[in-house]
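Participant: here is a sequence with its predicted model. Questions after.
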Amino acid sequence: MKTIKHILLFCALWFGIQNSAVALTVFKEGTIIRDAEIEQVLRDFTKPIFEAAGLNPKDLQLFVIVDDTINAAATTNYTFLLNTGFLTGANNASEIIGVLAHETGHIADGHIARSESAMAKSQLLGLGAMALAAAAAYVGRPQSGTGIGSDVTNKGGSVMYDSIDAYRNDASAIVGTGMAFGLKNLMKYSRGQEGSADQAAIKFLNKLDWSPQGLFDFMKKLHQQELLSPEMQDPYMLSHPLTTERLEAFKQAIAKVPQTKAIPHKFETEFQLIKAKLIAFLKPAQVIIKYPSKDTSPEARYARAIAAFRNSNMEQALTLMDGLIKDFPNNAYFYEQKGQILYESGKLPQAIDCFHQAVERDHRNSPIIRLFYAQALIESENPASLTKAKEQLLGIMDRERFNPNLWYSLSVVYGREGDMGKSALYLAEKALCERKYEIAEKQAKRALTMLKNDVDKLQANDILKGLDAVKKDSPSSEDD
């Protein structure tokens with residue numbers, strides 16, 4: 001069992017809005033989005049780059065932050081922070097991949113490690129984890145923060161937080177200080193470091209036989225802001241110095257690179273889909289301009305379906321999703337999105353079927369999709385469905401162990417099965433993720449009075465030992 005302090009670097013407060021208010025959602029700057037499709041596409045982009053750099057892709061952590069400005073940064077613990085403005089502002093996947101390669105260069109060249117002491121001094125060592133995850137919200141799911149336009153407060157009471165306003169205030173405070181400071185002021189590189197990361201990016205992409213042109217195009221786009229005042233420039237321009245000399249050096253460097261191939265076509269297709277998804281969820285009013293009805297591309301249809309959903313036009317949204325599923329029957333994310341629309345429409349059995357279809361087609365074994373499916377099964381209050389839900393939850397425990405919704409869902413499952421010891425144990429784990437130490441202690445002690453399995457008892461005792469350590473190290477930890 002990791003210490004509580006270490007756990008808190010990765011815990012998250014998951015929140016969204018009331019299901020009935022999906023069309024009214026305004027996502028505040030600093031909110032973090034969790035979405036199976038977006039995360040998987042970005043991981044697919046980064047995995048070969050990490051391998052080319054000699055890094056382990058399993059160590060990668062990705063956070064997508066709601067922010068219109070163009071910014072991306074690598075920070076400690078192999079963590080990438082990507083603004084939605086960076087993703088929606090890119091013209092193609094090559095630009096995204098180029099920037100990811102550049103940021104990987106900062107990691108591989110040790111620039112991040114040299115910044116760790118400064119981060120510690122500013123109390124932002126956990127920037128890539130707790131401080132960011134504290135404002136988390138999912139993009140693609142109806143319940144417990146699992147979906148843009150969704151909420152921890154569910155119909156049927158399957159997931160209910162008593163103090164969501166307090167959580168929102170806490171998250172806003174963290175993001176308003178820690179994250180904003182970290183992205184705009186902390187990750188500043190010297191010109192020498194920028195040049196080094198450029199060369200590393202070219203090297204990595206060359207190993208993959210991919211063109212670095214996308215990174216060059218991205219740099220040229222930012223260079224157009226050179227004459228603007230710093231207040232008008234995108235944060236990436238401020239943290240990654242971009243001079244005419246650096247741009248020319250990069251141009252000369254890529255001219256020496258052997259002729260390379262374009263990135264895989266599937267990457268471009270996938271990128272356009274997640275770009276459309278983000279635009280439709282975050283700014284549905286723009287969809288009619290960016291993706292007019294005459295545009296019959298998959299991404300345009302996807303955007304229009306999600307925009308219709310955001311505007312509470314469920315019938316149109318479902319019709320458009322059915323068309324996409326007919327043309328792309330193996331796309332797990334289309335089934336997932338349709339499942340959310342059905343759920344929001346109050347059609348739980350059909351939603352469960354769609355989530356099941358998504359799981360069946362999800363060959364990447366996304367824990368987020370499985371959590372969505374499990375939570376819908378739990379809400380059905382069917383004993384057979386409860387068994388299926390438990391299987392899904394236990395299967396993702398190792399990968400989502402810092403997600404309070406996982407622990408809450410497990411506590412509900414075991415509570416309904418009559419195993420109140422495990423139910424209390426998992427409520428203690430949930431409280432840890434939410435930094436509610438008193439509740440965690442109370443539930444862990446309660447669990448110990450009922451648990452029979454030695455492994456479960458050890459888990460409960462580890463929670464209590466960790467809490468004792470926190471109390472000794474930081475008497476005011478509850479307020480941190």
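Facilitator: That came through fine.

Participant: how near is C354 to Q193?
Facilitator: According to CB to CB, to the nearest Å, C354 stands 47 Å off from Q193. C-beta: built from backbone N, CA, C; applies to glycine.

Participant: who's more crowded, these two?
Facilitator: Per other CB atoms under 10 Å, whichever of C354 and Q193 has more neighbours is C354, with 26 against 19.

Participant: the more buried one reaches K338, doesn't it?
Facilitator: Yes - at 4.9 Å, C354 and K338 qualify as touching, with contact defined as CB atoms under 8 Å.

Participant: please enumerate the helices of the stretch 201-350 of the chain.
Facilitator: Taking DSSP state H, counting those that start in this stretch as the test, the helices found in the stretch 201-350 of the chain are 213-223, 235-239, 244-255, 265-282, 287-290, 298-310, 314-327, 332-344, 348-361.

Participant: just these: most buried one?
Facilitator: Comparing the helices of the stretch 201-350 of the chain by mean neighbour count (mean count of other CB atoms under 10 Å), helix 332-344 ranks first with a mean of 26.

Participant: nearest spatial neighbour of D322, skipping sequence neighbours?
Facilitator: Nearest non-adjacent residue to D322, counting by CB to CB, 6 or more residues apart in numbering: K338, 7.4 Å away.

Participant: give the contact list for the one you found.
Facilitator: 318, 321-322, 325, 354 (CB atoms under 8 Å, 6 or more residues apart in numbering).

Participant: nearest approach to D35 belongs to which of the helices of the stretch 201-350 of the chain?
Facilitator: For the helices of the stretch 201-350 of the chain, the distance to D35 is smallest for helix 265-282, at 7.5 Å, taking CB to CB.

Participant: what segments of the stretch 1-150 of the chain are helices?
Facilitator: Going by DSSP H, counting those that start in this stretch, the stretch 1-150 of the chain shows helices at 4-8, 36-52, 84-89, 93-108, 111-121, 132-133.

Participant: count the residues that sit near K261.
Facilitator: 9.

Participant: same thing with R34?
Facilitator: Close neighbours of R34, defined as other CB under 10 Å, add up to 26.

Participant: quick check, pLDDT for it.
Facilitator: Reported pLDDT at R34 in the predicted model: 87.

Participant: my read: it touches I369, true?
Facilitator: No - the pair R34 / I369 is not scored as a contact, 11.2 Å apart, by CB under 8 Å.

Participant: for the helix ranked longest in the chain, name the packing helices and strands.
Facilitator: Identified as the longest helix of the chain according to DSSP state H is helix 454-473. With contacts taken as 3 or more CB pairs under 8 Å, 6 or more residues apart in numbering; DSSP states H and E, helix 454-473 sits against helix 4-8, helix 420-433, helix 437-448.

Participant: pick the most buried one from the ones you listed.
Facilitator: Ranked by mean neighbours (mean count of other CB under 10 Å), the helices and strands packed on helix 454-473 are led by helix 420-433, with a mean of 24.

Participant: who touches that helix?
Facilitator: 4, 7-8, 11-12, 401-404, 407-408, 410-412, 414-415, 437, 439-444, 446-447, 449-452, 456, 459-460, 463, 466.

Participant: put together a markdown table for the helices and strands packed on helix 454-473, with distance to N365 and mean pLDDT on each row.
Facilitator: Conversion of these to a markdown table gives the following (distance: least, CB to CB, whole Å; pLDDT from 0 to 100):
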| stretch | distance to N365 | mean pLDDT |
| --- | --- | --- |
| helix 4-8 | 24 | 33 |
| helix 420-433 | 22 | 96 |
| helix 437-448 | 29 | 97 |
